[in-house]
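>>> sequence? don't have it. structure:
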């Protein structure tokens, strides 16, 4: 494949202030998150709920901390919107990414997700039927073609609680979409969905548009599953953690990224309760674990 990977390390602000459950870290100022991110040596950061959503306000804030904007989650509605309606609805988000010189557009179908509902158990997620998969794939491909023409890599976020969660759903997703539809390879959501991130990277190298690295505490996950508790309950109870603190082996993941010549962002992300898991401390240990894995991959 390519001539080795070229990666930049970023972080997701969700450890400081949670988007799905704003009470977690709700009182943490954006400045705390940004100064931690800068001082720990990250190159960039994704959007979070504390960020202004226009470039005039956001650019000077990030410039002050020497951070690039990596992009940020967009909640798609492609099961209800046709391609033109979906393209129309994402214009504000696209304009912000353009103005901030991002190169990746992160997207997830959220019309029927349960990951933001603390009252819905993880087993209650929606499943696409045989008739809907081709429609989903065609529409997504249409949106991704447009996004690619705008100069971005389209990165679909497979995610717990959504219609692309499991290994079989991800395989079907690849079969129904064109190569313009890249993915966010997310190690934590992969583990929960029974997906092998190394296998996916090596089998679909052209689809790896963005990478999120988080780890999993399997005992917590097993307990959440046994109780059919919600995704958010899992977050609160510590189902996720940063690389190096759970069960996932990151050396093979970074090795696979090197093998396919991945060029792009690798983002440390772990949604936890900041009152329990100090965001700065965890971000620091996650980054150092990934740096160690990069060194191993480069040997």
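Cool, got the structure. Quick caveat, the model's predicted, so the values are computed rather than measured.

>>> the strands in the chain, which residues?
6-11, 44-46, 68-71, 73-76, 104-109, 153-157, 181-186, 208-213, 215-216, 240-241, 263-268 (DSSP state E).

>>> which strands and helices sit next to the last one?
In this case it means strand 263-268. strand 6-11, strand 208-213, helix 279-298 (3 or more CB pairs under 8 Å, 6 or more residues apart in numbering; DSSP states H and E). In short, each C-beta sits where N, CA and C put it, glycine included.

>>> Can you say which of those is packed in most?
strand 208-213 (a mean of 26; mean count of other CB atoms under 10 Å).

>>> So in that sheet, which strands flank it, and in what orientation?
Neighbouring strands of strand 208-213 in its sheet, by DSSP bridges, are strand 181-186 (parallel), strand 263-268 (parallel).

>>> Please tabulate the helices and strands packed on strand 263-268 in TSV and include distance to residue 243 as additional columns.
Shown next, in TSV, are these (distance: least, CB to CB, whole Å):
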stretch	distance to residue 243
strand 6-11	11
strand 208-213	5
helix 279-298	4
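
>>> Can you check which of these gets nearest to residue 80?
Among the helices and strands packed on strand 263-268, the nearest to residue 80 by CB to CB is strand 208-213 (24.1 Å).

>>> now the closest one: how far from the chain's centre is it?
Centroid separation for strand 208-213 versus its chain: 7 Å, with CA atoms, centre = their mean, to the nearest Å.

>>> And stretch 277-291, by the same measure?
The chain centroid and the centroid of stretch 277-291 are separated by 17 Å under CA atoms, centre = their mean.

>>> what residues does it touch?
9, 11, 15-16, 25, 28, 33, 36-37, 40-42, 213-215, 238, 241-245, 250, 254, 266, 268, 270, 272 (CB atoms under 8 Å, 6 or more residues apart in numbering).

>>> State the mean pLDDT of that stretch.
Averaged over stretch 277-291, pLDDT sits at 98.
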